[in-house]
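>>> got a structure for you, letters missing:
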């Protein structure tokens, strides 16, 4: 079974979504996602890309991220409808933390440190869940 997953931050969200649409990875996770902005640079919509995704996604939007990336936004709406994928997707918002907190945040700030710890724990749990499910179906 495929045991490859991708983790992206900011623009890395765009890479995660594109590779997840190619069917080459088992899961993707994106924090402070900015893929919609990059996809728009090419005159395309992130929702169209999301509709091509073939594996479960974990998304962690935060304060300042586009509405399409937020819980209940257009990306979650598209992902939730994908057969065999949508029910495994997860969204966890970090509404009190600013864009970039994981990669650029001050870990001396307790809220930032706790947010980073939470995001990494959720990522680990998500990937483990998907990998375990893949082993059962192979």
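Received the coordinates, thanks. Quantities reported herein were computed from a predicted structural model and do not represent experimental measurements.

>>> who's sitting farthest from the centroid in this protein?
residue 108 (25.5 Å; CA atoms, centre = their mean).

>>> which pLDDT value goes with it?
Note for residue 108: predicted pLDDT of 97.

>>> what does residue 138 give?
For residue 138, the predicted pLDDT is 62.

>>> just so I have it, where are all the strands in this protein?
Ranges of strands within the chain are 5-9, 27-31, 57-60, 62-63, 90-91, 94-98, based on DSSP state E.

>>> parallel or antiparallel, list what pairs with the fourth one.
It stands for strand 62-63. strand 94-98 (parallel) (DSSP bridges).

>>> which elements pack onto the one helix or strand in the chain whose mean pLDDT sits lowest?
Ranked by mean pLDDT, DSSP states H and E, the helix or strand of the chain with the weakest confidence is helix 35-41, at a mean of 92. Judged by 3 or more CB pairs under 8 Å, 6 or more residues apart in numbering; DSSP states H and E, helix 35-41 is in contact with helix 12-21, helix 46-50. Quick note: C-beta positions are derived from backbone N, CA and C, even for glycine.

>>> now the residue farthest from the centre of the chain: how far from residue 97?
Noted for residue 108: a distance of 14 Å to residue 97, by CB to CB, to the nearest Å.
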